[in-house]
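In: Generate a structure from the sequence data that follows.
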Amino acid sequence: MASKSKSHRDPRRDPRREVLRELGDRIRNLRRKRGLTQEDLAETLDLSVAYVSLIERGGRNPPYTTVVLIAQALGVSASELCAD
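Out: Okay, here's the model as predicted:
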């Protein structure tokens, strides 16, 4: 059987997806600890609720600037938000 090209990789096995899921989990946990809803966070960041939800589920790779703004909105540093 021929090997699959990069574009046909199983996304569940892609280690980059796991990193995005971990980032999303940290964002969700911090948001909840601060008593914020996804709507609250989205409004603060001028983003859609759907986009915030996708980030929290690891479905989007937000740009660095968005990660920095999320961290600021949650009262942590970007390095803390992205730490292993």
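
In: going forward, measure contacts and count neighbours with C-alpha atoms only.
Out: Will do.

In: what residues does the longest helix belonging to the chain touch?
Out: Of all the elements of type helix in the chain, the one with the most residues (DSSP state H) is helix 15-33. Residues lying outside helix 15-33 but in contact with it, judged by CA atoms under 8 Å, 6 or more residues apart in numbering, are 11, 37-38, 41, 55-61, 70, 74, 81-82.

In: Just the mean pLDDT for that helix, thanks.
Out: Along helix 15-33, the predicted local confidence has a mean pLDDT of 95.

In: Please compute how far that helix lies from its chain's middle.
Out: 5 Å (CA atoms, centre = their mean, to the nearest Å).

In: cool, and stretch 16-34?
Out: On the basis of CA atoms, centre = their mean, stretch 16-34 is displaced by 6 Å from the centre of the chain it belongs to.

In: for stretch 41-61, same thing?
Out: Between the centre of stretch 41-61 and the centre of its host chain there is 8 Å, according to CA atoms, centre = their mean.

In: Any regions of this protein where pLDDT drops low?
Out: 1-12 (pLDDT under 70).

In: make it 50
Out: Within the chain, the segments meeting pLDDT under 50 span 1-3, 5, 7.

In: what are the ranges of the helices in it?
Out: If DSSP H is used as the criterion, the helices of the chain fall at 15-33, 38-45, 49-56, 64-74, 78-82.

In: These into JSON lines, with extra columns for mean neighbour count?
Out: Shown next, in JSON lines, are these (neighbours: other CA atoms under 10 Å):
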{"stretch": "helix 15-33", "mean neighbour count": "17"}
{"stretch": "helix 38-45", "mean neighbour count": "15"}
{"stretch": "helix 49-56", "mean neighbour count": "18"}
{"stretch": "helix 64-74", "mean neighbour count": "16"}
{"stretch": "helix 78-82", "mean neighbour count": "15"}
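
In: Chain neighbours aside, what residue packs nearest to Pro62?
Out: Nearest-residue entry for Pro62: Ile55, 6.9 Å, with adjacent residues in sequence omitted and distances by CA to CA, 6 or more residues apart in numbering.

In: That neighbour: what's it in contact with?
Out: Leu20, Gly24, Asn61, Pro62.

In: Same list, those residues, but as CSV with distance to Leu30 please.
Out: Listed next are the contacts of Ile55 as CSV, based on distance: CA to CA, whole Å:
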residue, distance to Leu30
Leu20, 15
Gly24, 10
Asn61, 18
Pro62, 17
